[in-house]
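K.L.:
generate coordinates for the sequence data below:
(one chain, ligands or ions: 2)
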Amino acid sequence: MQTEQTLLEQLNDNQRQAVVYCDGPQLVIAGAGSGKTRVLTYKIAYLLVHYDLKPWNILALTFTNKAANEMKGRISGLVGDERGRSLQMGTFHSIFSRILRVEAATLGFSSDFTIYDEADSRSLIKSICKQMGLDDKTYKPSTVHAAISMAKNRLQMPDDYAADGDSLERDRRRNMAETHKIYRAYQSRLRLANAMDFDDLLVYTYLLLNQNEEIRRKYAARFQYVLVDEYQDTNYVQQQILWLLTRDVRRICVVGDDYQSIYAFRGAKIDNILNFQKVYADAQLFKLERNYRSTKLIVAAANSLMKHNERQIPKEVYSENENGEKVKVMETISDKREAAIVCREIKRIRQQEKCRWSDFAILYRTNAQSRLFEEEMRKSEVAMGDKYRVYGGLSFYQRKEIKDVIAYLRLVVNPNDEEAFRRIVNYPARGIGDTTLAKVLDCAQQQETSLWEVISNPVQYQLLVNKGTATKLLNFRALIDGFVAQREESDALTLARDIIEKSGIKADLATDRTAEGDSRRENLDSLISGIADFVQAQREDGQEEHVLLTDYLANVSLMTDQDSDDSSDDKVTLMTIHAAKGLEFGTVFIVGLEENIFPSQMSVGSMRELEEERRLLYVAITRAEKHCYLTWAHTRWRFGKMDGFVNASRFLNDIAPKYLDVQVEGGRGSGGHSSYGETWGGNSHGSYRPWEDDYEINKPYTGSREWGNDYGRRSGRMQNSRPVAGQFMADPKPKITS
Ligand code: ATP
Ligand code: MG
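P.N.:
Numbers count the residues shown, from 1 in each chain. Ligands and ions are numbered 1, 2, ... in the order given. Predicted coordinates:
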């Protein structure tokens, strides 16, 4: 446990000033790795020690639950376990969903409302389109959902949306003129299902606080200090919530970096930060400029990249760490070779520097890019089989067998949950077909009620089915009712086990003797042990009564894959750059630096989106402490075919050449032969190093000179005169073995 003095000694002057200032709204703008998160952590410790604030009076909002747990851990280390544990800390979604459960009745929900995930939302939209007779190829559920989500993030409810000329016009142009009607139906179906989607968690929090002054005052008084990390990625509704909570007492501290704003596609605005000083006119601005994370050359490379963005708050970030080595650009002949070379570098550095697997990260633009790296690591000669962990992608909770069980759990907690109902009413098969379900659905729509209500009172709702079907529906209802009756008496673990057994899921999975069946059963086992762990953890946290299924579900529906916390594992991290925000690693590989991947195809048409992609690369580079690699491949297997005309990412040209060390597979370094030797300035002549032996395997490769003189040409002007891959295969250049 530390004293105030020892706490403050662990900060530099600027950081200390930011920590001790507690007189009003405060904005800390600073570059990557300059200690923003550290300032928040120490500020909370300081509030507890110096002002003796109670931990439950401090609200800290982070970007992931994992980040919140880490911060809590750090604070517990500084000021003691007891206080650390009672802090109100988590993502906007997790903190406010808890409040919504308490206040649900005010909003016309019951406290055990379900939280729909992305897949539930899409499935609901699909069902609505079907009912409205709209083609779901034109009205792609993901596109419609994105439009609804954006609307919610600007606090545009269905009525507002239907009255908003711009939105309507945009939808008309996209041949999706009925989107506003889908939105309306979507909201009403959610309500009938006693469910909220992810965006609703924010929208309803806003409505709750905005329309109920007494409730607003209660929470504004409870959260005496509000702190927000990664403020640059908050959106309009989040800011409105913050304002409602802090406008009386105005004790709010937000930290952020406009250079790292990478969620505009979800409605975050880069001018948030600027607006903060308009909204809170008395806000004090603090800047941190010293980067503690990375070597000088990495910081310089990242800064030089950002010079190419126009929309930004200019700032100098510097490092006092050692110079370190240049950022390595590695150009390989194929996507497979890219993966192989990255793995080899990991092994080499790990051996040389005696570091851990967990000191490495492979970062990519989209989840699909992880596959080649996974395959490579599993190869026996690489032998990194279980030494990596992929975050994101198809997460555990998205697997079919897990979703099936969760759907049962959800329906037991909230029988009105439509998506859960539809998923399991005929799983395992019990003879309730699509036609019956359609009838139930129609009936529910006409009578404005839930599916569960309809099958509970078929006569009252005039559900017209034959006797046999009616019995099947009644049996299903009785099955679920049995579990509902058990809900308050049994703890989550017992009930979940019972459900798997009595619903017939266990028997159904037992019939599948394939390898896939084995893996399904294993997944189910790990779900059960997950529930057991949760129950155990709640007990250790002091919960004396039963740990109920409701508690477990409330927790699990907010879990993202990034949250599952096994940071103690010694494994290489594979994740998207978006997910890597706020993290740091000794060595970072940023892979697939190619046009149409990074920047992504969708972004190249618009300057604004291109700048966001550039910021994304800035985020990626600044994750690295010591070594940073940018890799790209000349040929790549994409969309089911080999693309032999890959162009290097234009961003490679944005980084000042003097900070780069370019290595071309099978190519050459200095001596005027390498294109980079000529165009990337005299300092970057990395001599050909690591792949002598590889060259033998890929003999026909000729180096990169034929691809044009510099990356800019490749990605732009050269596009029409690209060589055909086979052309230079015919003229292999001699191998250089230095
Ligand atoms: P990002 O922009 O990536 O979120 P950040 O600004 O939040 O970065 P931190 O993660 O807080 O930066 O700090 C970066 C690293 O520098 C951390 O390892 C942190 O412990 C270290 N650090 C920051 N300030 C100091 C300091 N005054 N003394 C020692 N180490 C520091
Ligand atoms: Mg941070």
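K.L.:
doesn't Ser358 make contact with Gly569?
P.N.:
Actually, residue 569 is Asp rather than Gly. Yes. If you go by C-beta atoms under 8 Å, Asp569 and Ser358 touch, sitting 6.9 Å apart. Glycine gets a C-beta too; all of them are placed from N, C-alpha and C.
K.L.:
surely Cys549 touches Asp498?
P.N.:
Wrong residue type there; residue 549 is Leu, not Cys. No. Using C-beta under 8 Å, Leu549 makes no contact with Asp498, being 10.5 Å away.
K.L.:
who has more neighbours, those two?
P.N.:
Leu549 (26 against 15; other C-beta atoms under 10 Å).
K.L.:
helix or strand for Val662, which one?
P.N.:
Assessed by DSSP states H and E, Val662 sits inside strand 660-664.
K.L.:
same question for Arg98.
P.N.:
Here Arg98 is assigned to helix 92-103, by DSSP H and E.
K.L.:
circling back: each with direction, which strands does the strand holding Val662 pair with?
P.N.:
Applying DSSP bridges, strand 660-664 is found paired with strand 327-334 (parallel).
K.L.:
can you name the element that comes right after the partner strand?
P.N.:
helix 335-353.
K.L.:
buried ones in that following helix?
P.N.:
Within helix 335-353, the residues that qualify as buried are 335-343, 345-346, 349-350, counting by 16 or more other C-beta atoms under 10 Å.
K.L.:
cool, stretch 468-488 as well?
P.N.:
For stretch 468-488, by 16+ other C-beta under 10 Å, it's Thr469, Ala470, Lys472, Leu473, Phe476, Arg477, Leu479, Ile480, Phe483, Arg487.
K.L.:
same check, this time on stretch 182-202
P.N.:
Buried, per 16+ other C-beta under 10 Å, within stretch 182-202: 182-187, 189-202.
K.L.:
now do it: distance from first to last residue.
P.N.:
20 Å (C-alpha to C-alpha, to the nearest Å).
K.L.:
all further residue positions should be reported with the first residue as 50.
P.N.:
Taking 50 as the first residue, the last one we looked at is stretch 231-251.
K.L.:
count the neighbours of Ser368 for me.
P.N.:
23.
K.L.:
and it, how far is that from Val378?
P.N.:
Distance of Ser368 to Val378, given as C-beta to C-beta, to the nearest Å: 20 Å.
K.L.:
please apply the same query to Ala200.
P.N.:
41 Å.
K.L.:
more neighbours: Asp618 and Ser407, which one.
P.N.:
Ser407 (18 against 14).
K.L.:
so what's that one up against?
P.N.:
Shown in contact with Ser407 (C-beta atoms under 8 Å, 6 or more residues apart in numbering): Ser616, Asp618, Asp619, Lys620, Val621, Thr622, Phe634.
K.L.:
ligand 1 contacts on the stretch 600-749 of the chain?
P.N.:
Within the stretch 600-749 of the chain, the positions adjacent to ligand 1 are Gly631, Glu633 by C-beta under 6 Å from any ligand atom.
K.L.:
where does the stretch 600-749 of the chain have low pLDDT?
P.N.:
Applying pLDDT under 70 to the stretch 600-749 of the chain flags residues 609-617, 716-749.
K.L.:
correct me, but Val533 touches Asn465?
P.N.:
No. Between Val533 and Asn465 there is no contact under C-beta under 8 Å: 11.7 Å.
K.L.:
any idea of the pLDDT on Glu594?
P.N.:
If you check Glu594, the pLDDT there is 79.
K.L.:
element containing it?
P.N.:
Using DSSP H and E, no helix or strand contains Glu594.
K.L.:
repeat for Ser216
P.N.:
Going by DSSP H and E, Ser216 is part of helix 214-222.
K.L.:
just to revisit the earlier point, please name every helix or strand in contact with the helix holding Arg147.
P.N.:
Applying 3 or more C-beta pairs under 8 Å, 6 or more residues apart in numbering; DSSP states H and E, one finds that helix 141-152 contacts strand 107-110, helix 247-260, helix 285-295, helix 598-605.
K.L.:
which of those has the lowest average pLDDT?
P.N.:
Among the helices and strands packed on helix 141-152, helix 598-605 carries the lowest mean pLDDT (a mean of 88).
K.L.:
contacts for stretch 570-577 next, please.
P.N.:
Under C-beta under 8 Å, 6+ apart, the answer for stretch 570-577 is 445, 448, 450-451, 454, 542, 545-546, 549, 554-555, 558-559.
K.L.:
residues of that stretch that come out buried?
P.N.:
Asn572, Leu573, Leu576.
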